[in-house]
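**Student:** From the sequence below, what's the structure:
(one chain, ligands or ions: 2)
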Amino acid sequence: MRIAMIGTGYVGLVSGACFADFGHRVTCVDTDAGKIASLKRGVMPIFEPGLEQLVETSVKAGRLDFTTDISGPVAEADAVFIAVGTPSRRGDGHADLSYVHAAARDIAAALQGFTVVVTKSTVPVGTGDEVERIIRETNPQADVAVASNPEFLREGAAIRDFKHPDRIVVGTDDERARKALGEVYRPLYLNQAPILYTGRRTAELIKYAANAFLATKITFINEIADLAEKVGADVQEVARGIGLDNRIGSKFLNAGPGFGGSCFPKDTRALVKTALDYEAPLRIVEAVLAVNDNRKRAMARKVANALGGQLRGKQIAVLGLTFKPETDDMREAPSIPLVTGLLDHGARVRAYDPVGMEQAKHELPDIAYAADPYDCAKDADALVIVTEWVQFRALDLERLKREMKQPVIVDLRNIYRREDMQALGFVYESVGRGA
Ligand code: NAD
Ligand code: UGA
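**Tutor:** Numbering: from 1, shown residues only. Ligands and ions are numbered 1, 2, ... in the order given. Take a look at the predicted model:
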């Protein structure tokens, strides 16, 4: 199959590289000329484990290339995927569909022969109808079917998630489109990944419902963590105790500083807005959003409490800035409101992240950046673990303590054991692990 991938970000680049790895002929298109130029040189615009090698192999085999020119790849393609961004619209929280609509117009003008246009971006219900309308208006001759194929990969594990999905969702009523997408995903189908064929609107809603449910699960355990602290229970054991019930499941029950990232926050916001537009409000998801926003802001207070209530003049070390490990993505990272809160209360901050510091400097220009975790801890009154990078799980704690002014650790990811920390003489605060 010949595939054109419109938008070469986290999703477009990973999907394009994986499709090429399956044996399809893929061209990734992006309007960002700098991004395309660097990909042509073999330099990845994002940090994602395994991506560089996957891209290199397919480029060498002649199955993958990159361009800013949309027309040739679209004209030749059997399937054109739209994987452009759908950020929150400034002001009202709806999904900003301007990139999707622009891509649809550019695609329409270039279509030749029967083509399936597939929305892979996360888009509100009804966007497929609008994409189809734009294409038919722009190019009434086009022989086209518009399908929805939402993507469920996670950053940091994107290639594995793409190649071993729990399910593939294809939303279309068009038989030719079903056949074409069945062919695109045949290598995964052979691996027994179930393909769920649905209507287009259903597929669009599945994506938002999945993200909203996962965000709810995290927020639920975060609130249980707060209660556990008050009543002297341990949230990790509670999570295990409920997670072993197959109806609940053990994943996404790690309490922490609140969810961040490029998707859960914006997608829950957009879903809430869609629901209000249709007069079917989603009160649970509204609460999840509010609770999560408050939680992220409250983390600076948690650090203050560990220091007896005062942050003014204190030096705080922050380990981990990205919204999760194994990515350089800073979008809506919990570190941002935490650090901002610390600065607002008069603290000084020095931070370290294994790969995210370049990105972080755009979001947090007013702090110092360290060369490693021990440099970060130098003269600190408290050290806060914000992102659970594997490098932070086995720190030389004696050395860390020697570097610090006061041995106070706030572990927002529960990666250490309280007993071990106390034995080493640390004042140790974590999340949801009551005395
Ligand atoms: P991104 O911001 O990393 O990449 C989007 C890319 O699209 C950018 O490189 C941009 O230059 C390009 N672009 C914008 N308009 C274009 C146009 N008209 N033609 C060609 N290129 C254009 O975004 P992302 O994180 O890859 O997310 C893309 C979509 O996938 C979003 O809807 C997101 O919600 C969804 N999604 C993301 C993830 C994830 O883990 N990041 C997972 C599942 C779904
Ligand atoms: C999430 C979903 O997991 C993907 O299925 C989806 O495709 C993607 O959003 C998307 O639509 O973009 P991602 O944001 O990459 O993927 O990362 P997650 O692993 O889901 O983590 C999101 C946030 O939740 C992070 O801040 C993470 O620290 C937090 N989290 C996650 C917890 O606090 N506890 C958990 O148990 C799990």
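**Student:** From ligand 2, how far out is Met299?
**Tutor:** 12 Å (CB to the nearest ligand atom, to the nearest Å). Where C-beta positions appear, they are placed from N, C-alpha and C, glycine not excepted.
**Student:** Contacts only, for that residue.
**Tutor:** Neighbouring residues of Met299 by CB atoms under 8 Å, 6 or more residues apart in numbering: Pro257, Gly258, Pro334, Pro337, Leu338, Gly341, Leu412.
**Student:** Out of those residues, list just those in helices.
**Tutor:** Among the contacts of Met299, the members found in helices (DSSP state H) are Pro337, Leu338, Gly341.
**Student:** May I ask which of those residues has the most neighbours?
**Tutor:** Leu338 (29 neighbours; other CB atoms under 10 Å).
**Student:** which residue sits closest to it, ignoring its sequence neighbours?
**Tutor:** Residue nearest to Leu338 in three dimensions, not counting chain neighbours: Met299, with 4.5 Å by CB to CB, 6 or more residues apart in numbering.
**Student:** now the one you found, what's its secondary structure?
**Tutor:** The three-state label given to Met299 by DSSP: H, G, I helix; E, B strand; the rest coil is helix.
**Student:** Check what pLDDT it gets.
**Tutor:** For Met299, the model assigns a pLDDT of 97.
**Student:** Also Tyr416?
**Tutor:** So Tyr416 comes in at 97 (pLDDT).
**Student:** what's the answer for Ala37, then?
**Tutor:** The model's pLDDT for Ala37 equals 98.
**Student:** Over to Gly91?
**Tutor:** So Gly91 comes in at 87 (pLDDT).
**Student:** Check the gap between it and Leu276 for me.
**Tutor:** Computed with CB to CB, to the nearest Å, the distance linking Gly91 and Leu276 is 15 Å.
**Student:** between those two, who's got more neighbours?
**Tutor:** Leu276 (14 against 6).
**Student:** Which of the helices or strands spans that one?
**Tutor:** If you go by DSSP states H and E, Leu276 is part of helix 264-277.
**Student:** Ignoring the adjacent residues along the chain, who's closest to the residue in the chain positioned nearest to ligand 2?
**Tutor:** Nearest to ligand 2, among the residues of the chain, is Cys263, at 2.9 Å (CB to the nearest ligand atom). Distance criterion CB to CB, 6+ apart; nearest residue to Cys263, sequence neighbours excluded, is Asn211 at 6.0 Å.
**Student:** ok, now Asp379?
**Tutor:** In space, Asp379 is closest to Lys405, 4.9 Å off (CB to CB, 6+ apart).
**Student:** what kind of secondary structure is the one you found in?
**Tutor:** Following three-state DSSP, the label given to Lys405 is coil.
**Student:** Would you mind measuring from it to Gln315?
**Tutor:** 7 Å.
**Student:** Overlap of the contact sets of these two?
**Tutor:** Counting by CB under 8 Å, 6+ apart, the residues touching both Lys405 and Gln315 are Asp379, Ala380, Asp381.
**Student:** Out of these, who's the most crowded?
**Tutor:** Neighbour max across the shared contacts of Lys405 and Gln315 (other CB under 10 Å) = Ala380, 24 neighbours.
**Student:** got the contact list for that residue?
**Tutor:** Contacts of Ala380 by CB under 8 Å, 6+ apart are Gln315, Ile316, Ala317, Arg350, Glu403, Met404, Lys405, Gln406.
**Student:** before we move on, what about Arg393?
**Tutor:** Going by CB under 8 Å, 6+ apart, the list of residues near Arg393 reads Ile415.
**Student:** One more: Val235?
**Tutor:** Contact analysis of Val235 by CB under 8 Å, 6+ apart lists Ile221, Ile224, Ala225, Ala228, Ala255, Asn414, Val431, Gly432, Arg433.
**Student:** Of those residues, which is the most crowded?
**Tutor:** Neighbour counts for the contacts of Val235, by other CB under 10 Å, peak at Ala255, which reaches 27 neighbours.
**Student:** how close does that residue sit to Gly156?
**Tutor:** Relative to Gly156, and taking CB to CB, Ala255 is found at 19 Å.
**Student:** same question, Cys263
**Tutor:** The value you get for Cys263 to Gly156, if CB to CB is used, is 13 Å.
**Student:** These two: which is more packed in?
**Tutor:** Taking neighbours as other CB under 10 Å, Cys263 and Gly156 compare with Cys263 leading, 24 against 18.
**Student:** Give me the phi and psi for the more buried one.
**Tutor:** phi -120, psi -50 (degrees, to the nearest 10).
**Student:** For the stretch 151-300 of the chain, just list every one of the strands.
**Tutor:** Taking DSSP state E, counting those that start in this stretch to define them, one finds strands in the stretch 151-300 of the chain at 168-171, 195-198.
**Student:** The first one vs ligand 1: in contact?
**Tutor:** This means strand 168-171. No: counting by CB under 6 Å from any ligand atom, ligand 1 has no neighbours in strand 168-171; the shortest distance is 11.9 Å.
**Student:** Give the buried residues for that strand.
**Tutor:** By 16 or more other CB atoms under 10 Å, the buried positions in strand 168-171 come out as Ile168, Val169, Val170, Gly171.
**Student:** Show me what from the stretch 51-200 of the chain comes close to ligand 2.
**Tutor:** Within reach of ligand 2 by CB under 6 Å from any ligand atom, the stretch 51-200 of the chain has these residues: Thr122, Glu151, Phe152, Leu153, Arg154, Glu155.
**Student:** actually the stretch 201-350 of the chain, not the one I typed
**Tutor:** Checking the stretch 201-350 of the chain against ligand 2 by CB under 6 Å from any ligand atom, the hits are 211, 214, 218, 252-254, 256, 259-264, 323-324.
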